[in-house]
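# the following block contains a protein sequence and its predicted model.
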Amino acid sequence: MDIKGLVSLTHSQGIIRRYFIVNGFDGALTMLGLILGFLFSTPTEINNIINVCVGASIALCVSGISSAYVSESAERKYVLTQLENALITDLSQSSHAQAARIVPIIIALVNGLAPLLISLLILLPLWLYKSGMELPISPLIISVFIAMTVIFLLGVFLSRVSGISWWQSGIRTLLVGILTAALIFVFVR
């Protein structure tokens, strides 16, 4: 059975979507927090900013992959055991067993790669600046705008699930980003 079939068999589409949104949101807010922290602090070399942010991105990725794999693997094994007990048969060679092995890996990868990829996108202006590209404004400010845009777009993506308008959902998540920035401004300055 292919991956799409295994995901469908286990009804995991919603779980995958939630993990993507939740951890993507974590990645965006973490980068927003770090970048604003650097903006409101004494000037720091771009290499140090990049290193700290990439370190946090990698930690989010590893945490996301490992935590999701451990929890989802246990859940899938539990469901498989329950199904075997209900059917009074060994399902170790079935599509259900294959799904119990593969789906946790898929979920774990989504859970870990979402914050990593979103974080790297937000850090793109810093790498461009480091490589010598002239930017119209500070790369940190551009990264803040990218982070806010990603946060808004995650809300737009959620609108497909929630049934509310895309701009309402986007504004709702953007307000979380703005609130985060305001709290950082108040407590870090």
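Arrived safely. Numbers count the residues shown, from 1 in each chain.
# mind giving me the packing neighbours of the helix or strand encompassing Ile105?
Per DSSP states H and E: Ile105 is located in helix 95-130. With contacts taken as 3 or more Cβ pairs under 8 Å, 6 or more residues apart in numbering; DSSP states H and E, helix 95-130 sits against helix 3-9, helix 13-39, helix 46-87, helix 139-162. Any C-beta I mention is one placed from the backbone N, CA and C, and that applies to glycine too.
# could the ones you listed go into a markdown table alongside mean pLDDT?
Formatted as a markdown table, these follow (pLDDT from 0 to 100):
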| stretch | mean pLDDT |
| --- | --- |
| helix 3-9 | 91 |
| helix 13-39 | 96 |
| helix 46-87 | 96 |
| helix 139-162 | 95 |
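# surely Pro139 meets Ile122?
No - with contact defined as Cβ atoms under 8 Å, Pro139 does not reach Ile122; the gap is 10.7 Å.
# so between the two, which is more surrounded?
A count of neighbours by other Cβ atoms under 10 Å puts Ile122 above the other of Pro139 and Ile122, at 28 against 21.
# mind listing what's buried along stretch 50-67?
50, 53-54, 56-57, 60-61, 64-65 (16 or more other Cβ atoms under 10 Å).
# repeat for stretch 155-170
Across stretch 155-170, burial judged by 16+ other Cβ under 10 Å covers 155-159, 166, 169-170.
# identify the residues contacting Leu175.
By Cβ atoms under 8 Å, 6 or more residues apart in numbering, no residues touch Leu175.
# put the alpha carbons of the helix or strand hosting it into PDB.
If you go by DSSP H and E, Leu175 is part of helix 166-188. Extracted in PDB, the C-alpha atoms of helix 166-188 (Å, rounded to 0.1, in the frame of the first residue of the first chain):
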ATOM      1  CA  TRP A 166      -9.300  33.200   4.900                       C
ATOM      2  CA  TRP A 167      -8.600  36.800   5.900                       C
ATOM      3  CA  GLN A 168     -10.400  36.400   9.200                       C
ATOM      4  CA  SER A 169      -8.300  33.300  10.000                       C
ATOM      5  CA  GLY A 170      -5.100  34.900   8.800                       C
ATOM      6  CA  ILE A 171      -5.700  38.100  10.800                       C
ATOM      7  CA  ARG A 172      -6.400  35.900  13.900                       C
ATOM      8  CA  THR A 173      -3.100  34.200  13.700                       C
ATOM      9  CA  LEU A 174      -1.300  37.500  12.700                       C
ATOM     10  CA  LEU A 175      -2.700  39.000  16.000                       C
ATOM     11  CA  VAL A 176      -0.900  36.200  17.900                       C
ATOM     12  CA  GLY A 177       2.300  37.300  16.100                       C
ATOM     13  CA  ILE A 178       1.700  40.900  16.900                       C
ATOM     14  CA  LEU A 179       0.900  40.100  20.600                       C
ATOM     15  CA  THR A 180       4.100  38.100  20.800                       C
ATOM     16  CA  ALA A 181       6.100  41.000  19.300                       C
ATOM     17  CA  ALA A 182       4.500  43.400  21.700                       C
ATOM     18  CA  LEU A 183       5.300  41.200  24.700                       C
ATOM     19  CA  ILE A 184       8.900  40.900  23.600                       C
ATOM     20  CA  PHE A 185       9.100  44.600  23.100                       C
ATOM     21  CA  VAL A 186       7.800  45.300  26.600                       C
ATOM     22  CA  PHE A 187      10.000  42.700  28.400                       C
ATOM     23  CA  VAL A 188      13.200  42.700  26.400                       C
END
